[in-house]
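Student: Return a 3D structure for these sequence lines:
(chains A and B)
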Number of protein chains: 2
Amino acid sequence: EIAQFFTRMLRWSAAIIPMAIIVGSVCAFFLWSLHEATRIRFENPWLLWLLPVGGFAVGWLYHQFGKSSERGNNLLMDEIHEPGGGVPARMAPLVLFGTLATHLFGGSAGREGTAVQIGGSIASAFCRFFRLDAPSVRILLMAGIAAGFGAVFGTPLAGAVFALEVLTIGRLDYAALLPCLIAAVVGDWTCHEWGIGHTHYQISYLASALSPSANFHLDFWLMAKIALAAIAFGLASRLFATLSHRLSAFFKSTVKYPPFRPVLGGLMVIALFYLVGTADYLGLGVSSPDPGAVTLETLFSSATIHPWSWLWKIIFTVVTLSSGFKGGEVTPLFFIGAALGNALSGAMGAPPDLFAALGFVAVFAGATNTPLACTLMGIELFGATHSVYMAVACTIAYLCSGHSSIYLSQRLGIPKL
Amino acid sequence: EIAQFFTRMLRWSAAIIPMAIIVGSVCAFFLWSLHEATRIRFENPWLLWLLPVGGFAVGWLYHQFGKSSERGNNLLMDEIHEPGGGVPARMAPLVLFGTLATHLFGGSAGREGTAVQIGGSIASAFCRFFRLDAPSVRILLMAGIAAGFGAVFGTPLAGAVFALEVLTIGRLDYAALLPCLIAAVVGDWTCHEWGIGHTHYQISYLASALSPSANFHLDFWLMAKIALAAIAFGLASRLFATLSHRLSAFFKSTVKYPPFRPVLGGLMVIALFYLVGTADYLGLGVSSPDPGAVTLETLFSSATIHPWSWLWKIIFTVVTLSSGFKGGEVTPLFFIGAALGNALSGAMGAPPDLFAALGFVAVFAGATNTPLACTLMGIELFGATHSVYMAVACTIAYLCSGHSSIYLSQRLGIPKL
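Tutor: The predicted model follows:
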């Protein structure tokens, strides 16, 4: 039995380690080129005017050559639930190009969708190459998602658990635990070896607590405030998911020729930019050359942030992605959560950096129904000091987001109520 | 839907918060009295001679008054899988008394079984008081386990996930996620409010790494050594579980009158004590007045430890518990893992404190099939710096322990291979 186990483990490693190295390398290239695209946009703000043109290019490419890749993360999930037509290899280059175009011209989008689709598409190519059977395809696709997610955010544990947890609401099985863990660790590692770093967030609240066990510091009132804030985080997730699906349906019913949808979306983003009068909600939103801008970084400071920033970011992102631009929802969800947390901390008299961090992970947990992965992500990004608060915020947000999800192919395993 | 959700959440909280406060308080009393019992034994080493007498007292009490409580954690799991006869209220005082007697006279045992059974028995009393239906009984019993586990080790996240994860190998469902989390946090909190602290372990290896994201420090060779060590951790778990079940069967077939079984077990522990010539493997093994003793604390130092300490602790513990003494397996499993980790670090040229910490959580993960809870426990006890190593060690140990488990009522959900 043990010998059989080692044979299997070695066989899996032989497929998963090279796959994860490739996924990690492509993700490193993606993160580097995303950084460049964002830098070029900051230096040439007029590029926003070309967003409708970029949208047409993205839409046309997907319309002409995309086949099933248009379905993105949902196609991956369907192929894991029931292996069928496979994930086309073209998904990786298409989503990479589409995301870079989206970010170069100022669409509000993320990067996890891109990384996950790169991972899934490369994993699918491995499956075809090794002629794997359906159960193995399932595991390798999950490992591909884990590798992409772990690499793009620098959070391997969150990546591994995300790949297990995202498929089905309320249930998790361990068949792919080790493959996902290996893939996420190797993917993240490869990305670091290419010299790609990740943004560091610092929570100064209780930062002097050296080890989580050495200083017990649960505060009753703070916990009550966090529970209340987490309800708001869950409702924000729900709003994001609902608006996404409604606006997608609107674009599909209003604009018959698909490549015109992102053109309309691009025009709407330009209109929103003039309406709100700031470039803060364009692009990734992680950092900005303007120190006064609202970004993920400044949301962790105690600076006063516009209390409705989170809602603007929802609107900008939903318009961008629902119309057919590419990227992902997760980094905007981080921004939305951090902005909402920052705003609530002011109203509730709570530490703004801690609340920004809680919103960061909890809105994501609610929108994707992955409370464990998001708790682990909170620990990986912000340390273990606040792990109980992270878990409470992610779990309550998960419960309050209802059975909505940004992924339509996510299945309902165990109802939340 | 949201209103219905809040009603449910409030109703759950109304049952779970008082339950967890009681469980946390009883666990605080238990930890205090366990500390006293251990102190008295250290001051009066001759008490070991009374171990067979103490064993008879424990065995006789369970035989006369125990009813189903003899089945301990397995009864709890069966009641969660299929609510039936309920968990008797007498389980809590019996296991509390039995554990204190075991430790006072120097049996090698732990405390998690006691805490979990206190939690389950109090939760079951709540279920009867509120006349809950079967699905609610299931959730409340899980919350009771979470409260006991979280309180006794000071690790609320591990407690909550342990209660979800321990029932079924390879699968986890989220129906009880929030109740378990609330119960574990409140139980742990209450225990702290009573002034009960927990042992702090310090890993000096890379202790200066301030945040896990700020310093990326995966080391390829260290990871390879950890993967190898984790295989050994998993095999040690397997050995522990197999020996436990065999020796239990031996005591049952050899000694017909149950109260005589711990008498024989006690005599065997005394013989082992003379055979090995040290008191280090008696009792809990967390600390000792003798600075040269092998304890969980000294295993985290770089002191040279007897390379077979782990095996001795397995033998002492299996004899103690299989013969009918009370306590739990987890703290001895911590000791076994830390001792094996420490020994392997010497052979492999790896940091002994890190390997002690990895063994600590990984042997437990293998023996109970709870890799996620043990990863979280590692993070809660040792900080987030080594979270990737913790996850890898727990996952590999979990896979290498086979489908054996120290809990016979644990079900097999998804096979590991």
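Student: Read off the pLDDT value for whichever residue of the stretch 251-400 of chain A sits closest to chain B.
Tutor: As assessed by CB to the nearest CB, chain B sits closest to A:Ala384 within the stretch 251-400 of chain A, at 4.0 Å. All C-beta atoms are positioned from the backbone trio N, CA, C, and that covers glycine. Looking at A:Ala384, its pLDDT is 88.
Student: what's the answer for A:Leu210, then?
Tutor: At A:Leu210, pLDDT is 52.
Student: and what of A:Leu178?
Tutor: 94.
Student: can you check A:Asp290 too?
Tutor: Note for A:Asp290: predicted pLDDT of 87.
Student: how about it, secondary structure?
Tutor: State at A:Asp290, reduced to three classes by DSSP: H, G, I helix; E, B strand; the rest coil: coil.
Student: Backbone torsions only: list them for it.
Tutor: When quoted as degrees, to the nearest 10, the phi and psi of A:Asp290 stand at phi -80, psi 110.
Student: how near is it to A:Phe105?
Tutor: Distance, A:Asp290 to A:Phe105, by CB to CB, to the nearest Å: 19 Å.
Student: go on, A:Glu36?
Tutor: Taking CB to CB, one finds A:Glu36 at 14 Å from A:Phe105.
Student: Provide a list of residues in contact with the spatially most central residue of chain A.
Tutor: In chain A, the centroid-proximal residue (CA atoms, centre = their mean) is A:Val330; its distance is 2.5 Å. Residues near A:Val330 by CB atoms under 8 Å, 6 or more residues apart in numbering or on different chains: A:110-113, A:153, A:364, A:368.
Student: Tell me which residues touch A:Ala115, please.
Tutor: Counted by CB under 8 Å, 6+ apart, A:Ala115 has contacts A:27, A:30, A:148-149, A:151-152, A:328.
Student: swap that for A:Thr199, sorry
Tutor: A:286-287, A:296-297.
Student: quick one on the thing from earlier: quick one: which of the contacts of A:Ala115 is most hemmed in?
Tutor: Each of the contacts of A:Ala115 was scored for neighbours by other CB atoms under 10 Å in any protein chain shown, and A:Gly148 scores highest at 38 neighbours.
Student: in what helix or strand does the closest residue to it other than its chain neighbours lie?
Tutor: Nearest non-adjacent residue to A:Gly148, counting by CB to CB, 6 or more residues apart in numbering or on different chains: A:Gly119, 2.9 Å away. Assigned by DSSP states H and E, A:Gly119 belongs to helix A:112-130.
Student: Check which helices and strands the helix or strand following that helix sits against.
Tutor: Counting by DSSP H and E, the next helix or strand C-terminal to helix A:112-130 is helix A:134-153. Here helix A:134-153 touches helix A:2-43, helix A:72-81, helix A:112-130, helix A:156-165, helix A:177-193, going by 3 or more CB pairs under 8 Å, 6 or more residues apart in numbering or on different chains; DSSP states H and E.
Student: how about 10 Å then?
Tutor: helix A:2-43, helix A:72-81, helix A:112-130, helix A:156-165, helix A:177-193, helix A:330-348, helix A:371-382 (3 or more CB pairs under 10 Å, 6 or more residues apart in numbering or on different chains; DSSP states H and E).
Student: Need the nearest residue in space to A:Gly327, chain neighbours excluded.
Tutor: A:Ala109 (2.8 Å).
Student: And what about that neighbour, helix, strand or coil?
Tutor: coil.
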